[in-house]
Each structure stands twice: as C-alpha cells, then as structure tokens.
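*Asks:* mind folding the following:
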Amino acid sequence: MTALLLRSGKLLDVETGEYAEGDLLCVDGRIAETGPRLSAPEGAQTVDLAGAAVLPGLIDAHVHVTAATADLSSLPSWSPSYATAHAARIMGQMLDRGFTTVRDASGADFGLADAQAEGLIRGPRVAFCGKALSQTGGHGDGRSRGTRVHDGHQCCAGLGRIADGVDAVRAAARDELRKGAHHIKVMASGGVASPTDRIDSTQYSMDELRAIVEEADAANRYVAAHAYTARSVSRALKAGIRSIEHGNLIDESNIPEFLEHDAFLVPTLVTYWALKTEGREFGLPEDSWRKVDEVLGAGLAALERAHRAGVKIVYGSDLLGGMHRHQNEEFRIRSEVQPPLDVIRAATTTAADLLGMTGEIGTLAVGALADLVVVDGDPLTDIAKLADPKHIRHVVQAGQLV
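*Replies:* Below is the predicted model:
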C-alpha cells in the first residue's frame, strides 16, 4: 500500500463551489477518505497544507503534445524520436502547471499514452485520437499549393491524415480506433495553421461526417470537430458530432443546436492571443499569422453567448511551440465573461464528462483517482491563483506528489 495524507487543507467541492476544511487521504492512487483529523496509515507520507486550497487535478481537453513548433506543416519531416523527445518535455511542463489529464486533439498516439501510463514519460495522462481526419486541402492537409505528393505514413509526426470519400473516411476512422483512439478528430472547417484553406470554408460532406460518427458510435467512442463558423458548427452538430473545438464564430442560431444535441463546446482562446503576439517567433508562417485576426476578437463573445445559454463548456488551450507555457492563461481570459467557479468546472467536472471519466477525475470525491492541485490563495475570488502557475504549491497525480 502507498499512502499520502494531506493535512489541514481547504477542499473544494467543484459542484457546489464550497470549501470544506480538513484532511484528504490518498491510498493506492485513489482518494480514500476526507474529513477532519484523519489517521495516517503506517508508512504514509504526510504533508501539512496550512489552509491551502485543494482542487481536483486540472484537465485540458484540447492540447497537441507533439506540436513543438507552430509550423505544423514541418512536423511530418521530423524524426519520430525527435518529436517524442519534445513531447516528453512539453508533457512534463503541463504536469507542473497542474494539468494531470489532457485530451490530445491530434498528434499523440498510443505510444505516448502508454509511455506516460508506465512511468516512462512524466506528464498528464493522455486521451488521444491519433491523427485528425482531413479532406484534401483541408485543415489537416499541410501541403503548400505547389506540393502534390503527400506522405501519409503513420510513423511520421504530424497532426492530420487525408481521407476523401465515405469509404475512405470510414477506413481512416476504423484505423485510428484500431490503434486505441479515445475519440476521433475531424476537420470540419478551415483553420489558421493550414496553408491552403479559408477559415470560413466548410469541410467534408454531410455523408462523410455522418460516416465518421457512425464508426465512432460503433466503437462506443465519439467525434470531436475543429469548426469555427456558425455554418460549419451547425453541420457538425447535425451529423452527430459531440464536441466542437474552437467555435469562435458561432452565433445565436447554434445555441439551440448545442442544447438539442447535448454537445460540448471547447473554446481555445489563449492560442489566438499567443499566436498574434508570438506566433511568428515560434514558426507560424506569415500567411497563417494574417488569419488570426479573423477569429481572435470573436472568441470571447462566442464564449459569453454559450455560457449565458447553459451550453456545456470545457477548458482547452491548443497552444503550439514555445507558446505552451501560456496554458494557464486561459483561466484569466475566460474570467472576463465567466465566474471563476464556472471556469474551474470547465477544467474539472465538465471536462471529465466529455472524456467519459465522470467520477474518476475532476472531483475530490472518495473513490476518484487521486489527482489534486494545491494552490496558495483562493481561486474562487482570484482566478490568477490558477492563471499564474507560481501559485501552485503541489501537484498530486494518482496519489503521488509529482
């Protein structure tokens, strides 16, 4: 038995938004007991928190742990071992920022997830999708206009794979599921980092989108869609897609669709702020940098609209290259239009619901995985306590101080 006893903390119930003063005992990787003056098992490690706040471990539901550069089109030319070395560094830094679980939105594979689970890589546990599915000329097609040949070898680093037509997208989805994908990612609109598409484009036919959803449903998995505009989001939701990534350009017409389909919205506001200020420094091509303004200003208004209507909102960052260090800044940006508790829920309970891990992560309930963040100060009154990682005193993952 391995045990860790955290004494004299303020334990946050994310559902109610209330603190309970007391101790928290972790045994064999799970939360075993909470309450005042708990007894320490023999051999337990004990840490006195002196009244610090204890939150569930944070969950970032839109990361790219292999995106060590903002020039995503260059990744397939990297050695897989070189990309893995970068990913290990990026993941370790995510853990230090309080993120004990992440959902990788394309790029990571079963190898990185297994390496983390076995302790070979220090970092958050990874829910992965493998390569995102993209049409020719879509957001996952990194070829420039003058490049014809595409090397789709699955051992290459990179975020996307090209598949066109119903039969081809079925085969691609089945292949990612075969390799253990927790979800399927599809590019349903244009994007910033892709060289040849327009942000306001829709991508994939409805038949192709529905075929991808059918394959995920058959495997008891779900589909997440990169989509910006109201039109692309509407098409994705009507096709049965569960999770909309970004959604900066949604309008009032989309809100009833989210509620009708019980879908999630995963905004990633910090990445546009970072791309605008630092993107070119970290490899973002000039043409892509010029696209940022199209989505930068609209994202906060879209978040406010969705929050006001009761859409299920999940925390995401989507940072690239040297900009990963801004991961916690998303807390501060969202707090401009959301109460701190709702932003914290997006990174805990609601994110756990999206990942299909309700009650396992994102909570301090007895029986849950012992993933915890100890914070100096009260993030419910000052979100900077989470937005600035210097306020994070301890990170516990699976009952271990990490």
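
*Asks:* ok, the residue nearest to Ser194 when sequence neighbours are not counted - contacts?
*Replies:* Spatial nearest neighbour of Ser194, excluding adjacent residues (C-beta to C-beta, 6 or more residues apart in numbering): His139 at 4.4 Å. Where C-beta positions appear, they are placed from N, C-alpha and C, glycine not excepted. Neighbouring residues of His139 by C-beta atoms under 8 Å, 6 or more residues apart in numbering: Ala132, Gly160, Met187, Ser189, Gly190, Gly191, Ala193, Ser194, Asp197, Gln203, His226.

*Asks:* could you measure from the third one over to Val375?
*Replies:* It stands for Met187. For Met187, the distance to Val375 (C-beta to C-beta, to the nearest Å) stands at 36 Å.

*Asks:* these two: which is more packed in?
*Replies:* Met187 (27 against 22; other C-beta atoms under 10 Å).

*Asks:* what residues are bridge-paired with that one?
*Replies:* His226 (DSSP bridges).

*Asks:* I'd say it and Gly138 touch.
*Replies:* Yes - look at Met187 against Gly138 with C-beta atoms under 8 Å: they come within range, at 4.8 Å.

*Asks:* tell me the one of the contacts of His139 nearest Val402?
*Replies:* The shortest gap between Val402 and any of the contacts of His139 belongs to Ala132, at 29.4 Å (C-beta to C-beta).

*Asks:* which residues does that closest one contact?
*Replies:* Ala105, Ser106, His139, Gly140, Leu159, Gly160, Arg161, Lys185, Val186, Met187, His226.

*Asks:* mind running it again at 7 Å?
*Replies:* Ser106, Gly140, Leu159, Gly160, Lys185, Val186, Met187 (C-beta atoms under 7 Å, 6 or more residues apart in numbering).

*Asks:* any idea what it is bridged to?
*Replies:* Counting by DSSP bridges, Ala132 forms beta bridges with Gly160.

*Asks:* equivalent analysis for Val47, please.
*Replies:* Leu6.

*Asks:* that one and Ala3 touch, don't they?
*Replies:* No - checked against C-beta atoms under 7 Å, the pair Val47 and Ala3 is beyond contact range at 11.6 Å.

*Asks:* joint contacts of these two?
*Replies:* Counting by C-beta under 7 Å, 6+ apart, nothing touches both Val47 and Ala3.

*Asks:* still on that earlier bit, scan the contacts of Ala132 and report the most crowded one.
*Replies:* When neighbours are counted by other C-beta under 10 Å, Val186 leads the contacts of Ala132 with 34 neighbours.

*Asks:* and the two most separated of the contacts of Ala132?
*Replies:* Checking the contacts of Ala132 with C-beta to C-beta, the most distant pair is Leu159 and Val186, at 12.4 Å.
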